[in-house]
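Undergrad: Next input, structure requested:
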Amino acid sequence: MIKAVLLDDEPLALRQLESYASRTEGLEVLAACTSASAALPYVEQADVLFVDINMPDVNGIDLVRSLVRPPLVVFTTAYAGYAVEGFRVHAVDYLLKPFSLEDFRQAVLRVRHILEVEQAARQGEPGVLHVKTDYKTVNVRWDSIRYIESMSEYVKIWLDTQDTPLVVLYSLKRLMEQLPPERFMRIHRSYIVNLSRIRSASATSLELEGVSLPVSESYRAAFRTWLQSKS
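TA: Numbering: from 1, shown residues only. Presented below is the predicted three-dimensional model:
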């Protein structure tokens, strides 16, 4: 059962969320709140937070950024312009009001997909990443990964064993949490690299076999430290 918290300062919108949730199999609502302060005691127990962005007491994006261990997040809003900011905080989905019951259920399916992958990772054998792609679970050995590339709410996992990447509904941040930091490094908001695959590198870029990747300013200090440890 997926545990959800619903947060929207508009009572009508909150009631619609509750209605959709009650008609969605496998979803349990822990709390339905009109303010962030009322929702916060329940958020740590939740698997997913459905949250409006424009609220008078706190912006929904700022609320998610303030959480130490945020659950999965689905933003609900009437303003399409917040989509990019939503994905920057690793939202699973972004529902533009007015959205349908089917839209809501598709968001829940995305949440379920990610939770199943994370559960498989916790229970799986060491050295193997479990991902879902094309409606099936694939076991990916860490040592077969060259690099991982973000594309909005999906990622491409580039492997030594095939020419085309695995395309997975996931975020780089959550994926990085499942990989060993001594073997993989985030070098850019769009890239994770297998450190053993680096052929050459500078402070601002690196070369893998057949591809060059940038090292962004936010990650250069950590990457420089790693480079120095290898010299």
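
Undergrad: Beta-bridge partners for the nearest residue in space to residue 165 that is not next to it in sequence, please?
TA: Excluding its sequence neighbours, the residue lying closest to residue 165 (CB to CB, 6 or more residues apart in numbering) is residue 156, at 3.8 Å. (Glycine included, C-beta is placed from N, CA and C.) Applying DSSP bridges to residue 156 gives these bridge partners: residue 149, residue 167.

Undergrad: Can you name the next helix or strand after the helix or strand of the chain with the lowest mean pLDDT?
TA: Scoring the helices and strands of the chain by mean pLDDT, DSSP states H and E places helix 83-88 at the bottom, with a mean of 51. Scanning forward in sequence from helix 83-88 by DSSP states H and E, the next helix or strand is strand 93-96.

Undergrad: Which secondary structure elements does that following strand sit against?
TA: When contacts are defined as 3 or more CB pairs under 8 Å, 6 or more residues apart in numbering; DSSP states H and E, strand 93-96 packs onto strand 72-77, helix 83-88, helix 101-123.

Undergrad: change it to 7 Å
TA: Judged by 3 or more CB pairs under 7 Å, 6 or more residues apart in numbering; DSSP states H and E, the packing partners of strand 93-96 are strand 72-77, helix 101-123.

Undergrad: mind listing what's buried in that strand?
TA: 93-95 (16 or more other CB atoms under 10 Å).

Undergrad: what residues go with each domain of the protein?
TA: Under the assignment automatic domain parsing, the domains of the chain span 2-112, 124-230.

Undergrad: follow-up on the earlier one: gap between the residue nearest to residue 165 and residue 162?
TA: With the distance defined as CB to CB, to the nearest Å, residue 156 ends up 12 Å from residue 162.

Undergrad: who has more neighbours, these two?
TA: residue 156 (15 against 10; other CB atoms under 10 Å).

Undergrad: quick one: the more buried one and residue 149 touch, right?
TA: Yes: the criterion here is CB atoms under 7 Å, and residue 156 meets it with residue 149 at 4.4 Å.

Undergrad: Now do the end-to-end distance for stretch 13-31.
TA: 14 Å (CA to CA, to the nearest Å).

Undergrad: try stretch 64-72
TA: Stretch 64-72 has its terminal residues 10 Å apart, counting by CA to CA.

Undergrad: Show me which positions of that stretch end up buried.
TA: For stretch 64-72, a neighbour-count test (16+ other CB under 10 Å) marks 64, 70-72 as buried.
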